[in-house]
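In: 3D, please:
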Amino acid sequence: MPSVQKSSVCPHDCPSTCALSIEVIDGARIGSVRGAAENSYTAGVICNKVAHYRERVHHPDRLTRPLLRTGPKGSGQFRPIPWEEALDRIAERFIAETARLGSEAVWPFYYAGTMGLVQRDGIHRLRHEMKYSRQRNTICTALAEIGWMAGVGVTRGPDPREMEKSDLVVMWGGNPVSTQVNVMTHVSRARKERGAQFVVIDPYRTPTAAVADMHLAPRPGTDAALACAVMHIAFRDGYADRDYMARYTDCPDALEAHLRARGPDWASAITGIPVERIEAFGRLYGQTRRSYIRCGYGFTRSRNGAAAMHAVVSLPSVTGAWQHEGGGALWSNRSIYKWNKTLIEGLDVRDTSIRELDMSRIASVLTNDKAALKGGPPVTAMLIQNQNPVTVCPDSNRVRRGFGRDDLFVATHEQFLTETARWSDIVLPATMFMEHDDLYQAGGHSHIQIGPKLIEPPGECRSNHEVLQGLAGRLGATHRGFSMTAWEIIDETLRISGWPDAKTVLEKRWIDVMPPFETAHFIDGFGAPDKRYRFAPDWKSLGDDHALMPKLPDHLANIDAATADAPFRLVTAPARSFLNTSFTEMPYSRKREVRPTVLVNPDDAVRFGMAEGTKVRLGNARGEVVLHVRIGAEQQPGVLVAESIWPSECYEGGIGINALTSDEPGPPWGGAVFHDTAVWLRVEAAELPLAAE
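Out: Here you go, the predicted structure:
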C-alpha cells in the first residue's frame, strides 16, 4: 500500500497544539501519527492519546449518518434520517421557538472539542446574525485568565522554549506529563544541560510531581497563601529586586507592608505544608534569577483561582525574574496572534444587547433559574458542537434534568454517541480534524499552523462549517462567511490579520510569531496604561463580582471548605489517557485507566478501614457517586482526587463525577470550580457470596 507523510496539527484542547506528521495510506486511511521533529516546540514529541489516533479516526463506533430520536430522552434510541430532513427539522424548530419566545430562546452551545478557529468559532457567525443567546466562555480558562490579566494586563509572556535556559522551572497547578507533554521536553533539556531544578506544586503526586526535584502539595485552593509566603521571604531575606519593582510595579512598599504578616508560619497553617519546606522553596526561588513559573490550569478550577493566579504571577515581579532569559512566568500566549475574526465569528453583525449565558451554569440555565437566564426567556432550542455538557459540565444531575425537559429541543453534532448525544433529539455525524481544513493558534507556544484535509470522512460526516452553512440557508442567514469554503475563510482571516496567505503558511508548515524578548519579558512595559505590573489590581474592571477580591495578593477564603458533614475536599483532575471526554471511547485509553477511582491519603484509608480497591460512595447535597479506592502517599489527609472524565455509564449507577461539582461561578467574572468541592465518604458494604445449596 503506497503511503505518504502529510503535515497536520493536533486540534485538541491543549496548549501544545502539536505539529504533526501523519502517514496517509492509499489516500484514504491514516497510519502512524508522530510529532513533527522539525518544529522547535513540538520537537517530535506527542502524547500517547494522539499517537494512537488512527484507531480513533477509523473507530467502528463513529457516527456516520444523521439520527432522529425514537425513544425517551437519554435512551439512545434513534433511527437514521437523511441530511436534508435533519437540517429541515432543526431549522423549523429554531424558527418556531424564535416566533414563540424570541430569538434568545435559541442557544448555540459550543467549546473546544476542536481548537481550530474556523470549525470551533464559526458557530458565533450563526449566533450573531440570528440574534440567538450569546455564550460566556467560562468552563476552562476564565478564572486563570482574569488572575493573569489582573497583574500583567495582557495575555502573553516569555517564550516557553526559554525553559531550556532556566535554572529553576516551577510547574504550578499543572501536570504536563499527562496533559501537555511538550513542556517536559524543554524542562528535561534545562535539567540535563544546566542542572536546573524542577519544582512541582500540586495537591497530589501527579506523574509530573513524581519526576520533580521538589514537590509541594498544598491543600486545594491554598496556592495564594504559599505564594504570599514566598514573597514574604523574598522581602525578608533580601531576594526582592527593589530597583526593578520601583521601575516596573505599582506599589511595592504597600505590598511589603501587607506581606509582613503573611510568612511561612501563616502559610503553613493554611496550606498544610511544613514551615521548613516553605522556607526551602522560598530560598530556592529567591536565590535563582533564571526562574520560570509555568502556570497550569489548576488555578482555573477553584473559586479563588483568579486571586491565586494573581498572587503566583506577582512572584517574578518581586524578584525581577522577568528581566532574565529563562525567567518570568507564562500562562498563555494567546494574545500574540492579533486575529481579526470578523469573518469567522460574524463580529460585524454582533449585537451586545443580546443576553450572554454562562456556559458553566448550564445546569441553572436549563432548569430555568431566573438569575442564570438573565431575565430572558427559557432556553428551548440548542445546537451543540464541540462539547459534551451532560457529562462535562458542573452539577451534572441538574444538567441531565434540564436536558430531560419535554419543551427543550437539542441537536448535537458529534463524532460518537456521547451522553449528550443520547439526550438529544437529532444527532449529526461530525468530521475529525484530518477530514476538513482548519486554522490553528497555540497558547503554549507561538506558531500559526494550518491543518489541511487529508482524507475523506466516513459515511455522511460533515464538518462544523458545512453544518452551519446548511442551517444558514434554511434560517435566512446571509452573512458572506456562509457562502465561503473553510479554506477561503482561513486565507482571508490570515491576510486581514496581517499574516501570510494560507498557501504560504501551509507550505512553510508553521509561522513563528513570538514577540521579541523586550516585549515577551515586559522590558518595554506591562499591559496597563502606565506599563506597570499591578500588585493592586483594578478588579472592578475585570468583573461584576469584584467586591470579594483582595486588594493585594492574598489567600481568598471563599472555597467550598470541609465541614463536619462533608469533611473531604475533592479534586477532579484530568486522567492521563483522556482529554475531557475525548478518547474515552478508545480501548487503549480505557485499558490504561482501568476504571473510575478515587485517590485517598493512607491515613484516611486506615481511619475509614479502606484498602486498595475498596468500593466507596462520595456525596454532597448535589448527588452521590460510587468509585474504587487507590492509596496515594503525597496528598494531605482530607484530600481526595478523582481523575476523570469517565463517561457516566462507566460508574456504578450511571452517575458520573460532575454530579458532585457546583455550577456556582468563581469571582469576579465567573468560572467552573471543578477542583473545589466538599464531600463526605462512606465505605460501601462488600457483597457476600451466596451460600452453596
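In: just the strands in the stretch 201-350 of the chain please.
Out: 214-216, 291-295, 328-330 (DSSP state E, counting those that start in this stretch).
In: what about this protein, any weak spots by pLDDT?
Out: 1, 686-693 (pLDDT under 70).
In: ok, longest strand in it?
Out: strand 623-631 (DSSP state E).
In: mind giving me the packing neighbours of the helix or strand following it?
Out: Where DSSP states H and E defines the elements, the next helix or strand beyond strand 623-631 is strand 639-641. For strand 639-641, the packing partners by 3 or more C-beta pairs under 8 Å, 6 or more residues apart in numbering; DSSP states H and E come out as strand 568-571, strand 597-600. Quick note: C-beta positions are derived from backbone N, CA and C, even for glycine.
In: so what touches the last one?
Out: To tie it back to what came earlier, the one meant is strand 597-600. 204, 610, 616, 618, 627-632, 635, 640-643 (C-beta atoms under 8 Å, 6 or more residues apart in numbering).
In: these two touch, right, residue 123 and residue 464?
Out: Yes. Residue 123 is in contact with residue 464 according to C-beta atoms under 8 Å; the separation is 7.1 Å.
In: hmm, back to that, centre of the chain to the longest strand of the chain, how far?
Out: 24 Å (C-alpha atoms, centre = their mean, to the nearest Å).
In: direction included, what does it pair up with?
Out: strand 597-600 (parallel), strand 615-620 (antiparallel) (DSSP bridges).
In: one step back: so which of the helices and strands packed on strand 639-641 gets nearest residue 342?
Out: In terms of C-beta to C-beta, the element of the helices and strands packed on strand 639-641 nearest to residue 342 is strand 568-571, at 39.9 Å.
In: now the element after the closest one, going C-ward?
Out: Downstream of strand 568-571 (by DSSP H and E), the next one is helix 587-593.
In: list the buried residues for that next one?
Out: Across helix 587-593, burial judged by 16 or more other C-beta atoms under 10 Å covers 589-590, 593.
In: now stretch 380-397
Out: 380-397.
In: got it, and stretch 662-678?
Out: For stretch 662-678, by 16+ other C-beta under 10 Å, it's 662-678.
In: now swap in stretch 260-280 and tell me
Out: Buried, per 16+ other C-beta under 10 Å, within stretch 260-280: 262-264, 266-268, 270-273, 277-279.
In: and for it, what's in contact with it?
Out: Counting by C-beta under 8 Å, 6+ apart, 214, 216-219, 222-223, 225-226, 228-233, 235-236, 282, 554-555, 636 sit against stretch 260-280.
In: buried subset of the residues you listed as a PyMOL selection?
Out: The following PyMOL line selects those of those that are buried, judged by 16+ other C-beta under 10 Å:
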select buried, resi 214+216+217+218+219+222+223+225+226+228+229+230+231+232+233+235+236+282+554+555+636
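In: mind checking how far residue 247 is from residue 157?
Out: 19 Å (C-beta to C-beta, to the nearest Å).
In: next: residue 202.
Out: Distance from residue 202 to residue 157, by C-beta to C-beta: 20 Å.
In: so what touches stretch 361-372?
Out: 107, 109, 357-358, 373, 378-379, 389, 393-396, 398-399, 401-403, 405, 408, 663, 665, 670.
In: I should have written stretch 36-45 there, sorry.
Out: Residues beyond stretch 36-45 that count as contacts (C-beta under 8 Å, 6+ apart) turn out to be 7, 16, 18-21, 34-35, 160-161, 181-182, 185, 442, 444-447, 509-510, 512.
In: out of the residues you listed, which end up buried?
Out: Buried among the contacts of stretch 36-45 (16+ other C-beta under 10 Å): 7, 16, 18-21, 34-35, 160-161, 181-182, 185, 442, 444-447, 509-510.
In: please flag which of those residues sit within helices.
Out: Here DSSP state H is the test, and the buried ones among the contacts of stretch 36-45 give 182, 185 as lying in helices.
In: of the buried ones among the contacts of stretch 36-45, which belong to strands?
Out: 7, 19-21, 34-35, 447.
In: which among the residues you listed gets closest to residue 424?
Out: Out of these, the member with the shortest distance to residue 424 (by C-beta to C-beta) is residue 20, at 31.0 Å.
In: just give the closest residue to that closest one, not the sequence neighbours.
Out: residue 8 (4.5 Å; C-beta to C-beta, 6 or more residues apart in numbering).
In: cool, residue 159 as well?
Out: Nearest in space to residue 159, with sequence neighbours left out and distances taken as C-beta to C-beta, 6+ apart, is residue 514 at 5.2 Å.
In: counting neighbours, what do you get for the one you found?
Out: 20 (other C-beta atoms under 10 Å).
In: and what of the one 5 residues further on?
Out: One way to gauge burial is a neighbour count; for residue 519, by other C-beta under 10 Å, it gives 14.
In: quick one: residues contacting it.
Out: residue 156 are the contacts of residue 519 under C-beta under 8 Å, 6+ apart.
In: ok so, going back, are any of the contacts of strand 597-600 buried, and which?
Out: For the contacts of strand 597-600, buried by 16+ other C-beta under 10 Å: 204, 610, 616, 618, 627-632, 635, 640-643.
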